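In: here you go, sequence then predicted model.
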Amino acid sequence: MTIFAANWKMHHGPAAARELVRAVLARVRPKEGRTLLFFPPAVSLPAVAAEVAGRKDAAAGIQNIYFEPKGAFTGEVSAPIAAVAGATWVLVGHSERRHKFGETDEESGKKVRAALASGLKVMLCVGEQLAERQAGSTESVVLRQLEAGLSGLDAAAVARIVIAYEPVWAIGTGVTATPQDAAAVHRTIRGWLKDRTPAATRSHILYGGSVSAKNAAELLAEEELDGVLVGGASLEAEGWIGICGGA
Ligand code: PEP
């Protein structure tokens, strides 16, 4: 299965989000082996969820949750609230959460467990910063994030998590990892997952970082990539259709 995930970050209120999903779904028809995920801003979730409701190949997700189920946490959204607002997926540990909002590895782990407890599917984002890559620490950073993000989960739960490998230096920069560079890190991640879930079928590992309609087919031709997580190029219909339709 190939997963095409659109992360709209802080773009598109309910009306714009509804219109964009409608435009995309009208032209990207259900196809065996293809899943479409939309991660709009939280307030646009109900609108997006309503649009994807009739499509088994499409789903809506939230970009972030807080790990407590309820309480005095002004401005936060819990996993149960996200679920009733229409999310079936959650992004955890996106690099902007980690590096702009200071989310720690430990907090990402708590969010993963909170999401699973509410029945949400998790896409855990991992990835190294440029200085870490240059220092040769890509593998240790990614494995540390995995270790913390998936701590306390049994093999069955680990097997259900989707991982998005997103090198921080490639997000929103126009610089994309080569398919070979991405594949090398995917193999490391896959090896780590396999050690913990020997009986599981192949885990899904997506690549993210400046994916566009121009480079998506080449990236997806690399068999290590089970899909893409896309920010900028998913914000308007033509670009996103070009990516989802091309594979
Ligand atoms: C992202 O937000 O996860 C992302 C990969 O962004 P972009 O495609 O714009 O690099």
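Out: Thanks, I have it.
In: which residues of this structure score low on pLDDT?
Out: 246-247 (pLDDT under 70).
In: and the most far-flung residue of it relative to its centre, how far from Pro14?
Out: Of all residues in the chain, Ala72 has its C-alpha farthest from the mean position, at 27.6 Å, by CA atoms, centre = their mean. Ala72 is 27 Å from Pro14, where distance means CB to CB, to the nearest Å. (Each C-beta comes from the backbone N, C-alpha and C, glycine too.)
In: one more: Trp89?
Out: Using CB to CB, Trp89 is found at 18 Å from Pro14.
In: who's more crowded, the two?
Out: A direct count of neighbours by other CB atoms under 10 Å for Trp89 and Pro14 places Trp89 higher, at 22 against 16.
In: can you pull the phi/psi pair for the more buried one?
Out: Reported as degrees, to the nearest 10, the phi and psi values for Trp89 are phi -130, psi 160.
In: same thing with the one 3 residues further on?
Out: The phi and psi values for Val92, taken as degrees, to the nearest 10, are phi -120, psi 140.
In: tell me which residues form a beta bridge with it?
Out: For Val92, the beta-bridge partners under DSSP bridges are Leu124.
In: so it touches Asp105, yeah?
Out: No - counting by CB atoms under 8 Å, Val92 stays clear of Asp105, with 10.9 Å between them.
In: look at these two and report which has more neighbours.
Out: Counted by other CB under 10 Å, Val92 and Asp105 do not tie: Val92 has more neighbours, with 29 against 17.
In: who touches Trp192 in this structure?
Out: By CB atoms under 8 Å, 6 or more residues apart in numbering, the residues touching Trp192 are 143, 146.
In: centre-most residue in this structure?
Out: Judging by CA atoms, centre = their mean, the chain has its centre closest to Met123, at 4.6 Å.
In: joint contacts of Val92 and Asp105?
Out: Counting by CB under 8 Å, 6+ apart, the residues touching both Val92 and Asp105 are Gly149.
In: picking up where we left off before, how much space is there between the residue farthest from the centre of the chain and Phe101?
Out: Ala72 is 19 Å from Phe101, by CB to CB.
In: next one: Gln134
Out: Gln134 sits 24 Å away from Phe101, taking CB to CB as the criterion.
In: also Gly136?
Out: 27 Å.
In: what are the ranges of the strands in this structure?
Out: Listed from the start of the chain, the chain has strands (DSSP state E) covering 2-7, 34-39, 58-62, 89-92, 121-126, 162-165, 205-208, 227-230.
In: what would those strands look like in CSV with distance to the ligand?
Out: Output for the strands of the chain, formatted as CSV (distance: least, CB to the nearest ligand atom, whole Å):
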stretch, distance to the ligand
strand 2-7, 4
strand 34-39, 9
strand 58-62, 12
strand 89-92, 8
strand 121-126, 7
strand 162-165, 7
strand 205-208, 4
strand 227-230, 5
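In: which residues does the residue of the chain at minimum distance from the ligand contact?
Out: Nearest to the ligand in the chain, going by CB to the nearest ligand atom, is Gly231, at a distance of 2.4 Å. By CB under 8 Å, 6+ apart, the contact set of Gly231 is 7-9, 171-172, 208.
In: can you check His12 too?
Out: Counting by CB under 8 Å, 6+ apart, His12 makes contact with 20, 40-41, 44, 235.
In: and the longest helix for this structure?
Out: helix 179-196 (DSSP state H).
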